[in-house]
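Student: Mind folding the following:
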Amino acid sequence: DAMYLKILQESEPDFSEKICEGLSLEDLDEEAIRVMKKKYADRWEKPEFNNIPTNQVLKDFMLMDNDGHLNYAALILLAKSEVIYRYLPCDNVVVEYRLYHHMIEYTARAEFREPLFLLVDHVWDYINQPASNPLQHYRDKFARYALPAFNEDVVREAVLNAICHRVMFIQSDIVIKQYPDMLVITNAGGFPVGVDTDNILSVNSMPRSRRISEVLQKTGLVEKSGQGVDRMFAISISEGKPIPDYSLTDEWQVCLRLHGTIQDPALLLLIHDIQRNRATTEQLNAFDLLALYRVSRGESIRNVDSVTLKKLLSQELLIETSDGIKLTPLYDEMKLRAGVTDKIEDKNVQVNDTIKISQLTERQQKIYEIIKSSTINDTINDTINAQTLSDVLGASVITIKRDLYVLRDLNLIKYVGSNKTGHWEAVNQ
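Tutor: Got it, this is the predicted structure:
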């Protein structure tokens, strides 16, 4: 079934360029049209574009053919809410807010069925309420600074990516689950063919709704194909947060988790100091930042390309030592500036871990004990992953992954190696 779905998804012509029979100019939202024109005019510094007749703009953007027929891209981008519901009732973005991850019922919920040129602002405004997008504080010597948990550029890019890459023939909303420390964004359809969690930065995928994506690029709402994900990674790392997490994606849906907590203020300060002293053309890119991020966490750098590694070594941002590749000594200086210390008493570690373990479900405790002992059925196994745990515990791989990420977020376990061949280890053996 999964393989059949994948073939069907990629062989299906662009849904958004199909003619939407019966859709007329009167069905389009005038404010959405005005916003589309203004964004194009502002991006290309052509104020006269605001006064071009709407019919001409629609044809130039390939939203209308020469016979005056409008396509589904015009419907999704510009149509009135009631018209969208009439033709495409699944074209919704749903935002649910929960105070805690274990909550089943939501605390607040909102549905957005609007022309896309208006929807993205309204979704962001809802997510960005002070109570639900709390400030994250960090220190630089005696000064204190704050960042919102969820960065506007990252969230906008993630929502627009979900819209452009969703599979329209699956009747499913785009769902955003918001917590104080995390956003979880899901859309129907898995990754395009050839894309996975290991190569998502290096492979330029074609959006399934290409016509919509082209208009969004022309008006500056999204980056060129593939560059939006780069931007999400670069911003998250630069803010000292975990990288965007696609690990719960399967054949049926893309699941993106955006963490809001600053976990490494020292890396934040280091990157800030590096970037502010460089010309625009010399700024570190997403691949550079990802390499620094992986080294800072003690992760494998086997997936770091040789060009990036050579560049960072030559600039002394990475250092070769007898213990392997390490970050520049400036990183330790940044820890002092941020008030971070690695010296934690073993007794305190044990007490903190005991408190964390008491919060786990029975299955999660079993998973932790297996990983900590590296033993399955009385046999030593030092390559424990989601599949091996699924086989032992009789739960699905997706369920096991969710449990693993709970343990990881509590800093009880860490993942070592690549997404395909890596394994889980306990943080404190």
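Student: And stretch 188-197, end to end?
Tutor: End-to-end distance of stretch 188-197: 17 Å, with Cα to Cα, to the nearest Å as the criterion.
Student: ok now it, how far from the chain's centre?
Tutor: On the basis of Cα atoms, centre = their mean, to the nearest Å, stretch 188-197 sits 14 Å off its chain's mean C-alpha point.
Student: Pull out the buried positions in that stretch.
Tutor: Using 16 or more other Cβ atoms under 10 Å as the test for burial, stretch 188-197 gives 188-192, 195. In short, each C-beta sits where N, CA and C put it, glycine included.
Student: Could you identify the least confident member of those?
Tutor: pLDDT across the buried residues of stretch 188-197 is lowest for residue 192, at 79.
Student: still on that earlier bit, mind putting the buried residues of stretch 188-197 into TSV with distance to residue 35 and secondary structure?
Tutor: Putting the buried residues of stretch 188-197 into TSV (distance: Cβ to Cβ, whole Å; DSSP: H, G, I helix; E, B strand; the rest coil) gives the following:
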residue	distance to residue 35	secondary structure
188	26	strand
189	27	coil
190	32	coil
191	31	coil
192	29	coil
195	31	coil
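Student: List just the nearest of the residues you listed to residue 310.
Tutor: Nearest to residue 310 out of the buried residues of stretch 188-197 is residue 195 (Cβ to Cβ; 26.4 Å).
Student: could you measure the closest one against residue 230, distance?
Tutor: As judged by Cβ to Cβ, to the nearest Å, residue 195 and residue 230 stand 14 Å apart.
Student: Equivalent analysis for residue 327, please.
Tutor: 21 Å.
Student: Next: residue 272.
Tutor: As judged by Cβ to Cβ, residue 272 and residue 230 stand 19 Å apart.
Student: More neighbours: those two, which one.
Tutor: residue 230 (20 against 16; other Cβ atoms under 10 Å).
Student: How about that one: what's its closest non-neighbour residue?
Tutor: Using Cβ to Cβ, 6 or more residues apart in numbering and skipping the chain neighbours, the partner closest in space to residue 230 is residue 286 (4.0 Å).
Student: Next: residue 145.
Tutor: Closest to residue 145 by Cβ to Cβ, 6+ apart is residue 138, at 5.8 Å.
Student: gap between the helix or strand encompassing that neighbour and the chain center?
Tutor: In this assignment (DSSP states H and E), residue 138 forms part of strand 135-140. Centroid displacement of strand 135-140 relative to its chain, using Cα atoms, centre = their mean, is 22 Å.
Student: Quick check: next helix or strand after that strand?
Tutor: Next along from strand 135-140, by DSSP H and E: strand 143-148.
Student: what packs against that following strand?
Tutor: strand 135-140 (3 or more Cβ pairs under 8 Å, 6 or more residues apart in numbering; DSSP states H and E).
Student: so what strands line up beside the strand it packs on?
Tutor: strand 143-148 (antiparallel) (DSSP bridges).
Student: What's the mean pLDDT across the partner strand?
Tutor: When pLDDT is averaged along strand 143-148, the result is 96.
Student: Export it to CSV, keeping only CA atoms.
Tutor: Taking Å, rounded to 0.1, in the frame of the first residue of the first chain, the C-alpha atoms of strand 143-148 are listed here in CSV:
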residue,chain,number,x,y,z
ALA,A,143,23.5,41.0,30.1
ARG,A,144,20.3,39.0,29.6
TYR,A,145,18.5,38.6,26.3
ALA,A,146,15.4,36.8,25.0
LEU,A,147,14.1,35.1,21.9
PRO,A,148,10.6,33.8,21.2
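Student: what sits up against that strand?
Tutor: For strand 143-148, the surrounding residues in contact (Cβ atoms under 8 Å, 6 or more residues apart in numbering) are 128, 133-139, 239, 260, 262.
Student: rerun at 6 Å
Tutor: Contact with strand 143-148 is made by 133, 135-138, 239, as judged by Cβ atoms under 6 Å, 6 or more residues apart in numbering.
Student: what sits against the one residue sitting closest to the centre of the chain?
Tutor: Centroid-nearest residue in the chain, with Cα atoms, centre = their mean: residue 244, separated by 4.0 Å. Contacts for residue 244 were tallied using Cβ under 6 Å, 6+ apart; they are 232, 236, 256, 258.
Student: The same query, at a cut-off of 8 Å, please.
Tutor: Contacts of residue 244 by Cβ under 8 Å, 6+ apart are 154, 158, 229, 232-233, 236, 256-258.
Student: Would you reformat the contacts of strand 143-148 as a markdown table and include pLDDT?
Tutor: Output for those, formatted as a markdown table (pLDDT from 0 to 100):
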| residue | pLDDT |
| --- | --- |
| 133 | 97 |
| 135 | 96 |
| 136 | 96 |
| 137 | 96 |
| 138 | 96 |
| 239 | 98 |
